[in-house]
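[1] Build me a model from this:
(chains A, B, C, D and E)
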Amino acid sequence: MQADIPTTALLASNITVEFAGLRALDGVTIVINPGEILGLIGPNGSGKTTLINAITGQVPLATGQVTVAGDVMPLSAPRTVALSGVGRTFQIVRLFDQLTVSENVETAALAKGIKRKDARKIATEILQEFGMLSRAETIAANLNYGDKRRVEIARALAATPKFLLLDEPAAGMNESESQMLCKQLLELPKQRNLGILIIDHDMPLISRLCDRVHVIASGKTIAAGLIENVRKDPAVIEAYLGSSARQDA
Amino acid sequence: MSFLMNRHTLTVASLCGLLLMLVFISYAVDVRVFTRIATTLCINVVMVVGLQSFMGNTGILSFAHIGFMGVGAYTSALLTIPAQMRGMALPDLYPFMEGLSASPILAIFLGGIVAAVIAAAVSYPLMRLSDAAAVITSFALLVVLHTVMLHWSEVTNGPRTLFGLPAITSLPLTAIVAAGAIAVALMFKESRLGILARATRDDETAARAMGINTPRVRWLAFILSALLAGIGGGLWGHFVGSFSPKAFYLKETFVILGMLVIGGPGTITGAVLGVFIVTAAFESLRTLEVVLNSAQIFSGQVVGVTEIVLAFSMIAVLALRPGGLVPTREIGDAIVGLIRKRKG
Amino acid sequence: MIEITNLDVRYGAIRAIKDVSLNVQQGELVTVLGANGAGKSTLMLTIAGALKAAGGKITFDGRDVTAATPEKMVRYGIAMVPETRDVFPDLTVVENLRLGAYLHRSDKAGVMADMEKVKDLFPRLREREIQAAGTLSGGEQQMLVIARALMSRPKVLLLDEPSLGLAPTVVDQIFEMIRELKATGITILLVEQNATKALQVADRAYVMQLGEVVVQGSAEEIAGSSDLSALYLGG
Amino acid sequence: MKNSLLTIALLSGLSTATASTAIAEDLLIGGTLSLTGVQAPLDEPGFRGAQVAVKYLNDNGGLLGRQVVFSNIDGKSDPVTVGNAAVQLFDRGAELMVAPCDFDFGGPAGREAQSSGIVGISTCASDPLYSSWSLGDKQFTLSMWNTTMGATAAEYAYNEREWKTAYVVTDQFIAYTKSLSKYFVEHFDAIGGEILLEDTYTNGDNDFSAQISRLQALGQKPDVIFISSYGTDVGVIVRALREIGIDSPVIGGDAYDDPALHENLGETFGNDIYFVTHTWMGPEAGPEMPTFLQLYEEMYGVEPDTSFVATGWDTIMLMAKAVEIAGTTDGTAVAAALEENTFELLTGSLGYSDAASGHAPDKAAMLVELKGGQPVPLGWRLPANPPAP
Amino acid sequence: MTELIQFVIDVLALGGAYALMALGLVIVYGILKLVNFAYGELIMVAGYTLFLMDGTGLPWLVMAAVAVLMSIFFGVATDYVAFRPVRAKSVTAVLITSFAFSTILQNAALLFISPRARNIPLPDVFSTTVTIGGAVTPLRNLLTIAATIVMLTLFTWLMRRSILGIAMRAAATNFTMARMLGVPANLIISSAFAISGLLAGVVSLFWLGRIGSVVPGIGLEPLLVAFIATVIGGMRSVPGAVLGGFLLALIDTSLNHILPQDLLKFRDAFTFSFVILILLWKPDGLIKGPASGQRT
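    Numbers count the residues shown, from 1 in each chain, chains lettered A, B, ... in the order given. Here you go, the predicted structure:
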């Protein structure tokens, strides 16, 4: 199995995470390939966000390891993971509230050691791409919600990541905002040879964006593959709707 | 034109203009007490702007700042107390230190460097901590620094007053140093490190996920802050001529902190404004104290009114305007914004 | 009994609940279904007073309780069992239960009697009564939070995802208990992801999607409709 | 905003400026006595005494035909505040300076006075650091030096009471506490006594258990305990010693001359304690004392409770006498008058050595015993051969 | 043997006082996760109350009770003045306001009473010395130990048995859930401050009894002591605070005996460096407090 994975991929293998004896993740293995958008779905409390935290080194692993493009990541080292080219966004937006939009985006580049001037250039380009250049000098706290979400993604991109982990990027957006986001996201993988993992509850959005989805429930992988197949998978339906769904449906 | 329009240049220029006006007025008024107040004010600008470099950019409350002021003051004293005075001022001085000497101006800056070096040496591991643990450790650091100053008779003359520092600190000198401190602090705030530090302040988790080395960034801010505190301490030492470790403890911490909190820790404009406002209020209240004293309303002498008023103002500001009077925008930003608005 | 009209709830700029209207009648068991992110838990927390509504109105027994604090809501007779299954881990089972009866603390005999009643309802808790709640299994903790909620002698019980993260056999037990509770005549508002189970015990159901109520009806109607899976997993 | 700020700054500057234009005919004596803080027990009585003296002078025609105004700014027991206050007073035209007790607090006022060419006299600084050597040729202290104070204690203990062994506790707080012990030890040793142990204490510690354990480890009870400390800490130390059953007599310096301390120790602990101080507030002290006591009672309605009130009176009267002799308040002339004459004061007769030899005061000390919490005078003492500073 | 008895009594008496001080700090920290910098001033308040009642002719125990009540009152006042207005805003803000409140109390004492030390009335038993197994010790030390035992028993009973105590322990782990059970938030917080004041008030009687007087700055040392003890024992653990208090007393007393004079004066520097090291190693203190409840 390991041999099939291209060395350019992000591989999180056999990830187990425990909180005070509670198993939040149980031996999950997931691969993100450059150039693809992979959907991560599963019912409430199934461990999706924990998986992103585990990959980025923000929670300690009980077992498993993370490999980014062939490099094994040390345990609990979010910095190393980030500097190896893994960017992320958060379920609840985490912007640097008192910094301007431009500064927010610059930080990601600055953190990688890029000079102030160059970072500014990178930020300008990305903001242009996201159609937010006019807001560059706005204090982040004063943005509306949809813009905050977009700035968060723009910020992650400014670090020129190889992989981007998006935790519910469309949550709280209205229809048109989420449409626009969708369009922007769809272009990214090809343009930048970027691998994206996306968590969202909005199934139409997931099906529009992703070819492949990975489904977890109660901390375990229950299905993975093309979205049409997964949707019909009895295990998935059971996970979402309840144990006796098969007989009833 | 574009140079003039630069908001950072404008900020520095405006704040330095304020200092310049202070110097100008003090020369115009030509009252020694006013000059002394103005000089103290400029020293406080150095101190408060120094504290802002750390607290404002990292969002961590530091109690240790005033301790580094002490380090600077004592270092400068060791280098400048005239040889003939040393026997009396520092009776227990280590023999190898007897030969130390430097010109006062140099000594003031060396004091800053020694403070920065000590800060660098002791503080790196502390920068991992946040919230209450960070505050308690900084408080503990202040107690440690204070205890050392209080008892290291060989170097500080123990709890006793150290005297004999040449009184070279003048208003122009402090005003220049204060202007320099403002410029340095603003440069730091807008530098790569400054932005990264402010990022860690606004959201530590996101900053870490981005690969920012939080402890290192905070550490550098802390060193800069200690450097400015040390310089401030040296200036102050050469201003008052004699002091004891008591001068670098909680009461003074409270005043410096009060100035920053009221002005707004997020901005250098706030820090400077805080110093001006609190100084003005303090001096007016002191006059009030004198009036009350002569009116004999209270049984004894009226003391402590200034501190009480400052304390209530701090609580009020924090409750009503948690970011201080100038929470986010530097004066330069405001001016540029105004100009743009007028144009557009 | 509970009447919610045009409720709006926001987290900062996010509208987590949009224009939701819903009612629960005395003695009813009403379930709110929906995928995660639908706003179900937000709805529950808002009713319990732990979140503030941005718009709309909540009345309880005819009284406007839109802005009431959590303490007030308990006093009015609404007990909340949050999905996070918040036992106080360092308190013993009995201490947890005593705290549930905080409102009736002066009525010592009554509290003792209530305590016996819930221990009868959940015999497992009797076995573990002097154990720290943090050492209980997930299912036992779920029983404890429900039992604790009952100690406040509520008129309405708000149950948020009681089956979350529990083993299937335990889930069956929990739903058995909900059925028993319902038989005692208490009004229950149940939020569940496990639609099948929930619909088996419920009288009526609402289905939420992305903060809005999209379908409502009797439990049979909802269970019979074929697009439930589509609502959860997209079409 | 900026403008209004500057206005405030300007106004506060101006207000001090107007306040500084004192009426020209009055003779302004500045004071920076600490009315608050750790120094207050020594300075505040001095302040009261000084006010009696000023009223007395003015009732009798003033000084050089001018009315005397005594303006004191609280030094707050803080060297920095003292220095600032002194400058402020000179700006207002002060012609003489009453400096606070002790080198640490009085020093800054003395230095500012010296740089303004003005005579400054500390009410009770007794450390030999308070000298023309360290402060300049126009600075004096009213008090005897610690050389005298320490030697008086040593002679009383060894010669009069035949206490042969001593345990010494030195508060590291200020120059006064350190040098007082130093001269006691030097003199006690010189006249044949034995120092069993010298220990240190830091003001404000409020914990004396470490010292007690070391004292007990000696295995020998000292004949006398010399404690050089300050403020309430003297009480803390004496209590700690007595509570643990160490009942050796305790002896110390003028910091013990504080009614609050006597009250603190009370009937239980206030026994077998001796101290060397400036004078005794009773007719037995000297011929002028009854007059002062009467004036003091007229002004305050109570009897003075510490000899420090006399230091305040004496400082003003010393200044007045020297100014009368010099015929001017000019610093150099007044300093010369002080150096060349001997003055009879409430605190005994006083003469100074010249500036080159430090303005060493030549003065006797008063010995007092504490009995049941009440002070009892034992009489004037002048050590035969005090140690050199 | 005599020395050993002396040592044990010293450690227990000092440790008891330290433990009660630490407990007062932890009870507030446990619930609000906020340090009350004005805690030491509660001891000052009790001291000045005693001073003001001197000469009223009341029995000492009545004066002591009033002093403790005042301490409780000011404990609750701390909540209203320094904590409530800014509690929701930021940790830093509360630390500053509690620091500010401490300054207010100290300066109010300066202004309305006196900057000078004031003697406080003490009962005669405080000046009595007793001999136990050859060791001479003030009776006050034994009373301190007795009071510690009584207070700790009372405290344990309150926290374990009373509904208020259970509610406070619950609020320490999960505030929102406690509220959803009908436990009024403000009552719990005020109770914590009141208990904090009670502990400070009781400990002040013995603490000040050793000194015999009170000054405006008297609260700093107890605050520092409570700080160290809680950090050693665990910032949020009640048994930890008690243990920390006794441990600190043991360390202090031992250092007094062991350390040479030259180093002893740097004792505070040592203990506070130790505090820093502990916090670096375990930011929550040595003994882990109750689980924080909220799961991620």
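
[2] Determine the longest helix present in chain E.
    Assignment by DSSP state H gives helix E:2-32 as the longest helix of chain E.

[3] touching chain D at all, that one?
    Yes - Helix E:2-32 is in contact with chain D by CB under 8 Å from any CB of the partner chain, via E:10, E:14. C-beta here means a position set from N, CA and C on the backbone, and glycine is covered the same way.

[4] Give the buried residues for that helix.
    The neighbour-count check on helix E:2-32 (16 or more other CB atoms under 10 Å in any protein chain shown) flags E:6-7, E:9-32 as buried.

[5] How is the residue in the stretch 51-200 of chain D positioned nearest to chain A assigned, secondary-structure-wise?
    Residue of the stretch 51-200 of chain D nearest chain A, by CB to the nearest CB: residue D:80 (36.6 Å). Here residue D:80 takes the helix state, with states given by DSSP: H, G, I helix; E, B strand; the rest coil.

[6] what number of residues lie near residue 112?
    I'll assume chain A. 19 (other CB atoms under 10 Å in any protein chain shown).

[7] wrong chain, I was asking about chain D
    Residue D:112 has 26 neighbouring residues, counting by other CB under 10 Å.

[8] How about the lowest-mean-pLDDT helix or strand in chain E and chain D, touching?
    Every helix and strand of chain E was ranked by mean pLDDT, DSSP states H and E. The lowest is helix E:261-264, at a mean of 75. Yes - using CB under 8 Å from any CB, we find that helix E:261-264 touches chain D at E:261, E:264.

[9] Going by neighbour count, which residues of that helix are buried?
    Neighbour count says helix E:261-264 has residue E:264 buried, by 16+ other CB under 10 Å.

[10] Please write out the alpha-carbon positions of it in CSV.
    C-alpha atoms of helix E:261-264 as CSV (Å, rounded to 0.1, in the frame of the first residue of the first chain):
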residue,chain,number,x,y,z
GLN,E,261,23.9,34.0,56.0
ASP,E,262,25.4,35.4,52.8
LEU,E,263,23.1,33.3,50.7
LEU,E,264,20.1,33.4,53.0
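
[11] Other residues contacting it?
    Here helix E:261-264 makes contact (CB atoms under 8 Å, 6 or more residues apart in numbering or on different chains) with D:199-200, D:210, D:214, E:255-256, E:270.

[12] Just the ones of the residues you listed in strands?
    Among the contacts of helix E:261-264, the residues falling in strands (DSSP state E) are D:199-200.

[13] Can you sort out which of the contacts of helix E:261-264 also neighbour chain C?
    Of the residues in the contacts of helix E:261-264, proximity to chain C by CB under 8 Å from any CB holds for none.

[14] For the contacts of helix E:261-264, give me TSV that also has distance to residue B:132 and neighbour count.
    Formatted as TSV, these follow (distance: CB to CB, whole Å; neighbours: other CB atoms under 10 Å in any protein chain shown):
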residue	distance to residue B:132	neighbour count
D:199	38	18
D:200	35	21
D:210	32	22
D:214	38	16
E:255	27	15
E:256	30	20
E:270	23	16
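
[15] So which of the contacts of helix E:261-264 sit within helices?
    D:210, D:214, E:255-256, E:270.

[16] does chain A sit close to the strand or helix carrying residue B:53?
    Residue B:53 is part of helix B:32-58, with elements assigned from DSSP states H and E. No - contact of helix B:32-58 with chain A (CB under 8 Å from any CB) is absent, the minimum separation being 10.0 Å.

[17] Spell out whether stretch A:38-51 and chain B are in contact.
    No - Stretch A:38-51 stays out of contact with chain B when judged by CB under 8 Å from any CB, the minimum separation being 12.4 Å.

[18] Around chain D, pick out the residues from chain B.
    Contact residues, chain B versus chain D (CB under 8 Å from any CB): B:18, B:21-22, B:25-26, B:29, B:31-34, B:36-37, B:85, B:88, B:150-151, B:153, B:158-161, B:163, B:240-244, B:246-247, B:273, B:276-277, B:279-280, B:283-284, B:287, B:300-301, B:303.

[19] Which among the residues you listed count as buried?
    B:18, B:21-22, B:25-26, B:29, B:31-34, B:36-37, B:85, B:88, B:150-151, B:153, B:158-161, B:163, B:240-244, B:246-247, B:273, B:276-277, B:279-280, B:283-284, B:300-301, B:303.
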